[in-house]
Every structure is written in structure tokens, then in C-alpha cells.
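**Q** Sharing a model that was predicted from the sequence below.
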Number of protein chains: 4
Amino acid sequence: MDATSSVISYLAARQCSSQWKAFLRSTAGELADKLAPAELSTFMRRVGNRFARELPLPACATLDEIQLAMSETWTRLDWGWVEISDENDHLGLCHYCSPLAVALGSESLAWGASFLEGVYQQWFEQLGASARLRVSLIAGAVEPSTIQLRLGAPVAG
Amino acid sequence: MDATSSVISYLAARQCSSQWKAFLRSTAGELADKLAPAELSTFMRRVGNRFARELPLPACATLDEIQLAMSETWTRLDWGWVEISDENDHLGLCHYCSPLAVALGSESLAWGASFLEGVYQQWFEQLGASARLRVSLIAGAVEPSTIQLRLGAPVAG
Amino acid sequence: MDATSSVISYLAARQCSSQWKAFLRSTAGELADKLAPAELSTFMRRVGNRFARELPLPACATLDEIQLAMSETWTRLDWGWVEISDENDHLGLCHYCSPLAVALGSESLAWGASFLEGVYQQWFEQLGASARLRVSLIAGAVEPSTIQLRLGAPVAG
Amino acid sequence: MDATSSVISYLAARQCSSQWKAFLRSTAGELADKLAPAELSTFMRRVGNRFARELPLPACATLDEIQLAMSETWTRLDWGWVEISDENDHLGLCHYCSPLAVALGSESLAWGASFLEGVYQQWFEQLGASARLRVSLIAGAVEPSTIQLRLGAPVAG
């Protein structure tokens, strides 16, 4: 690892509160043993929905205000921040510096990141987005320090 | 509330890392919706088993050494400490200042505290205790700032 | 120590970020070696003035609003909270759960608590209090978990 | 800023406990007002000496063991880590991820980093280094995320 990678890796590991790291990893391990992969994602989306209802967004008029309001909530909890881009037929969401990978273990990130699907889905519904629009992780763009999602019409499966 | 209660209540609330409080409460809420009460306790005991395997105890020769080794692990993570007493036919365990009640919500403490059953069960087995001996919560003695358990022959049910 | 004292003592010790405990104690020790007692108090009052200018209060109309605004700032930083009482010819301030005693060492609390004199003095001036009114520690009521101050006409010395 | 810089900048800012950031910046500001530049460095070196006496190193036989023992102390406190290289006529020390720049403000880093001179000087003396050898900051190599020092014969001034 070069120095920049070492610095990021050190800081990211320390970002996750040591009070909960072993507890969260053990919980993730037990969930992964107990539930099938599709169930894991559903479970984490529901946890995200609850989280977003517990920490609702204030009213926002513009995309900039939405990005700011969401990032303020995330930063206050030391969960990084989000950048939102208008991609015409959908919104792109890029979440930086979430502590999920360190907390749950990188082997659990694929399903653990569905927590963010649930949070953003619920927050956009609070802001008046049609429930027809879905927030979904972008396959191949879920990494420890950046997790990408999209809000748009469901992709035909 | 008198001043002492206010001080304890303030410090206890702040003890639980704000990074994870809303995440943990949402996870606890979702688990409680999904699983039956007996399943919740079993789930948390297994989480505790994993936690104790991830953070194993060093070898200990006396009860004092056991209490010290366990408390050092807990204190390092800001999970309080434990006092162990020899009650002839069983050991009494009193765990002080765990962040469980604040993290999971006090309505989830009854089953959430089974996490500690799982941790202590696994730790005592590491130390050579017969697997016939069980660690169990003491009904009526599970409170936010002190959680009492016993290690002994299973109580006939 | 009884159980309540142990709980408070544990939580208070853990409240002060371990990242800075040894650094702050060493700084306090070095200041105490370098400066005379009166200079130490003056120094800490000035540090408090700066702190309050960096974290100014919002406008407040009533004593309840002042207490709330000050306590919100303190709680956000995990510095406890303040209760303000109207004592006719002065205001009584009781600051609970500051991390000062653990951070600086209890032997430094007598002068270290002057930091709070400086913060409250500057905050009350921001709110329009006459600069003739002074915030001062109440001799004999400066303890680790509660520090009492008054705002009023200077006591003739 | 590109994404990597944003990530480092975010994580570094969050690394410094918010409980002490405003307090430490105010203390640094007040010290800088009160003392001349040379006095500031001397003051911080003495603070570092005290810190190292309070957190002494265990015995070490090799440079690798020294690097490990020092880094364990630093990492436990979330103060980053150190890499030591043997440069024939001196040792090179590179300290990564200290929270000093965020805590004291980058305008105070030039003198604040003398804290590390004091710590390493005292630690190397504990290990038996001749007091004739001096630890000193390397001019031009004191940056927020990496601070470089050397241990060797004093450079003729």
C-alpha cells in the first residue's frame, strides 16, 4: 500500500466506533447464517426505512437543499456524506465514507448496503417522490469508501 | 429526577456512540417485528457466542483473574465491567454500565440482554467450564445500568 | 464506593475522550508549572472567551431559552448541561457533567473551571448583559460533576 | 478537490474528537497570543515530555519493536502511527495521521508539532538513547497528515 492508501485505510478503520465493531460484525455474521441473500437485503432495507423515519428530513425545495439536508444528518452521525447528480431520467447518489464496510465486514457489504437503499427510499418519499420510483444500489459500484445508488423507474428485471 | 439520577441518565445516554444509536435501534425494532420472543433470545445468544470467539479471554487461574480479564475487555470497548461472586452452588455475575439499553431501546432489553448470556457462556467454556453449566439472565434483575446473570446447573423449568 | 458511585465514576472517566486525556493532563501540568495561580485563572478565562466567540449563542428571549441554547451547545460536544436559576439579585448557574476534572486532573479543577467563567461571561455579553456584571465561580462549589457559578454585580473583595 | 482528497479531508476532520476541538483551538490561540514562537515550541516539547513519562514505552530490543511499541500507544489513542527508518547517521521518523493539525488549527501546526519532538525525545531516552542525541522536526516536512522528524546529533545551527 502506498502512503495515501495507508492513511485512508487507517482513518476508515478508526472511523467506526470500537464500542460497536465486534457487536455489529457478530450480528452481521449471525444474520448471514440465518437468512437467505434476498432476505438479507430486504431486512436491511426495512432497517433503513425505520432509521429514516426516526431521523426525518426537513422540507427541501431544491436538489442542493436535499443534498445538504441529507449530508448534515449523515455528518452529524459520522456516516460520511452524499452527492446527488441529476442524470435526466434518474438521480445518481454517491455516498462517501459510510462506516458500513468496517462495521459489518467487507464480506457483508453487498447486502449491508441495502440499508442505504431503505434510508434514501424513505427520505425521498418524505420529500414527495412517487412511491413508484425506487432507490437501488448500482451493481458493481458498491465499495467500502463509495457506495453508488440511483433513484428512478425500476429497471426491468 | 434528582441530580444523581440526572447525571447517571445523561452519562449513560452519551456513553452509547451516536454513530450507531439510530442504526441499532432500527435493527432491534426490525428484529422484534420479524422474530418471536424465544427466537430473539436465541439469536442474541448466538451473536454473543460469536463476539466471545472473536474476542477470546486469555488463560486465567482464579476467579479474580477471570473478573479482571473480562472487565478489561469490556472496559476497552466502553461496555462497563463485571463483578463475579461465588455463591457456592453457582457464580453470580453482575454486569454494570453496558450500553445495551440505550443502544437497543429499553423495550428491547429483556431479549437484547441475552447477548450477554451468549458472551459469558462462550467465555466460561473457553476457560474450561463444563458445557452442562449454563449462563442465564436472572429474571427480574435485568435493568439498564445493572444486568445480573448466573452460571450454574440449569434451573429445572 | 457503593454501586451508584462506581457507575458515576466509570461513566465520568469514559466520558472524556481518551484521544485527548493524556495530552490535556500534560498541558495542564505544564501550565501549572509555568504560571502563577492567578495567571492560570486569567488564562483559562481567556480560553473560555475565545471558545464562546467561536461557538456563539443564537438570540434568546427568556431565561428558559438561554438555558436551552447553552445546554444544546454543551450536549452536542458531550460537555454536560447547565441549569440557570433566578436568585433575584443574581443568576445561579449549575453546570453538570463537564469533562474538565477528568481531562485536566482534579488537582487542576480549581483554576481549570475558570474556563467556564470565560465562556458564560462571553455568552451573556453576546445576549446583551452589561459588561459590569461578572460571571464567577462560587468558592466551595466547584466539584467534578457539578460546578456552580453566579452572574451578578462583582462581589466586593 | 478530487474524491480521494475529499475522503481524507472528511475522515481527518472527524478523527479529532469533537468534544475537544473548540477547546483545543481556543487554548492554542491563547498560547500563541501569550508566548513568543520559540517559547511556544519549548512549551509543547515539555508537554510532550510529560505525556511520554505518563505513557512510558515497554522495553524494546530492535528498531521494529520500537516502531511497534510506539505505534501501539499512538493507535490506541487514535493518534495515527509512526514509521522509523535507519538512515546511517540518524533515524528518520515519519508520523502519520496525528490529529494535531485539526485539533490546534493548521496555523498552529509549526509549533504544535514540537509536542512530538518532546514525546519521541523522552521515549528514546527511556530506551537508553544518549541525551546528546536530539529529536527534531524536519523543516519543510511538517504537514497535517505526515510529520517528519529525525533523531541524531544536533545539527549545527
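**A** Cool, the structure landed. Residues are numbered from 1 along each chain as shown, chains lettered A, B, ... in the order given.
**Q** Please list the residues of chain A that sit near chain B.
**A** A:16-20, A:22-27, A:29-30, A:34, A:43, A:46-48, A:50-51, A:54-55, A:76-79, A:99, A:103, A:115 (CB under 8 Å from any CB of the partner chain). To be clear about C-beta, it is placed using only N, CA and C from the backbone, and glycine gets the same treatment.
**Q** Show me the shaky parts of chain A.
**A** A:1, A:156-157 (pLDDT under 70).
**Q** Neighbours of residue A:105, how many?
**A** 17 (other CB atoms under 10 Å in any protein chain shown).
**Q** Check which helix or strand the closest residue to it other than its chain neighbours maps to.
**A** Counting by CB to CB, 6 or more residues apart in numbering or on different chains, residue A:25 is the residue found nearest to residue A:105 once chain neighbours are left out, at 5.2 Å. Using DSSP states H and E, residue A:25 falls within helix A:18-34.
**Q** Buried ones in that helix, by neighbour count?
**A** Across helix A:18-34, burial judged by 16 or more other CB atoms under 10 Å in any protein chain shown covers A:19-32.
**Q** Would you mind listing the outside residues contacting that helix?
**A** Contact with helix A:18-34 is made by A:40, A:43, A:102-105, A:108, A:111-112, B:16-17, B:19-20, B:24, B:27, B:43, B:46-48, B:50-51, B:54-55, B:76-79, B:99, B:103, B:115, as judged by CB atoms under 8 Å, 6 or more residues apart in numbering or on different chains.
**Q** What separation do you get for the residue nearest the centre of chain A and chain D?
**A** Chain A has residue A:116 as the residue nearest its centroid, 2.7 Å off, counting by CA atoms, centre = their mean. According to CB to the nearest CB, to the nearest Å, residue A:116 and chain D sit 17 Å apart.
**Q** Same check on residue A:27?
**A** Separation of residue A:27 from chain D (CB to the nearest CB): 24 Å.
**Q** what's the neighbour count on residue A:129?
**A** Neighbours of residue A:129 (other CB under 10 Å): 16.
**Q** circling back: surely the residue nearest to the centre of chain A and residue A:148 touch.
**A** No: under the criterion of CB atoms under 8 Å, residue A:116 makes no contact with residue A:148, lying 9.9 Å away.
**Q** Point me to the residue of chain A nearest chain D.
**A** Closest residue of chain A to chain D, CB to the nearest CB: residue A:11 (3.7 Å).
**Q** For chain A, which strand extends over the most residues?
**A** Taking DSSP state E as the criterion, chain A has its longest strand at strand A:134-142.
**Q** Give me the buried positions along that one.
**A** A:134, A:135, A:136, A:137, A:142.
**Q** Looking at those residues, which is nearest residue D:127?
**A** residue A:142 (46.1 Å; CB to CB).
**Q** among the buried residues of strand A:134-142, which are within reach of chain D?
**A** Among the buried residues of strand A:134-142, no residue is within reach of chain D (CB under 8 Å from any CB).
**Q** Closest to chain C out of the residues you listed?
**A** residue A:135 (29.9 Å).
**Q** picking that back up, what helix or strand is the residue nearest to the centre of chain A on?
**A** For residue A:116, the host element (DSSP H and E) is helix A:114-126.
**Q** Skipping adjacent residues, who's closest to residue A:52 in space?
**A** Closest residue to residue A:52 apart from its sequence neighbours, by CB to CB, 6+ apart: residue A:122 at 3.5 Å.
**Q** same deal with residue A:92?
**A** Nearest non-adjacent residue to residue A:92, counting by CB to CB, 6+ apart: residue A:85, 4.3 Å away.
**Q** which SS class is that neighbour?
**A** strand (DSSP: H, G, I helix; E, B strand; the rest coil).
**Q** Report how many residues lie close to it.
**A** Counted with other CB under 10 Å, residues neighbouring residue A:85 total 12.
**Q** Could you do residue A:83 as well?
**A** Residue A:83 is flanked by 16 other residues according to other CB under 10 Å.
**Q** Around chain D, pick out the residues from chain A.
**A** Counting by CB under 8 Å from any CB, chain A sits next to chain D at A:3-4, A:6-8, A:10-12, A:14-15, A:78, A:80-81, A:96-97, A:145-146.
**Q** same thing but at 6 Å, please
**A** Contact residues (CB under 6 Å from any CB of the partner chain) of chain A with chain D: A:7, A:10, A:11, A:14, A:15, A:78, A:97, A:145.
**Q** Need the nearest residue in space to the second one, chain neighbours excluded.
**A** In space, not counting the residues next to it along the chain, residue A:10 is nearest to residue D:97; the distance is 5.4 Å by CB to CB, 6+ apart.
**Q** try the last one
**A** Leaving out its chain neighbours, the residue that sits closest to residue A:145 by CB to CB, 6+ apart is residue D:7, at 5.6 Å.
**Q** How many residues are close by whichever residue of chain A sits closest to chain C?
**A** With CB to the nearest CB, the shortest gap between chain A and chain C falls at residue A:76, namely 8.9 Å. By the criterion of other CB under 10 Å, residue A:76 has 13 neighbours.
**Q** I'd like the buried residues of helix A:18-34 laid out as CSV, including distance to residue B:66.
**A** As requested, the buried residues of helix A:18-34 are exported to CSV (distance: CB to CB, whole Å):
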residue, distance to residue B:66
A:19, 23
A:20, 25
A:21, 24
A:22, 19
A:23, 21
A:24, 26
A:25, 24
A:26, 21
A:27, 26
A:28, 29
A:29, 26
A:30, 26
A:31, 30
A:32, 31
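**Q** Of these, which is the nearest to residue C:72?
**A** The shortest approach to residue C:72 among those belongs to residue A:19, at 23.9 Å (CB to CB).
**Q** so who does residue A:141 touch?
**A** residue A:148 (CB atoms under 6 Å, 6 or more residues apart in numbering or on different chains).
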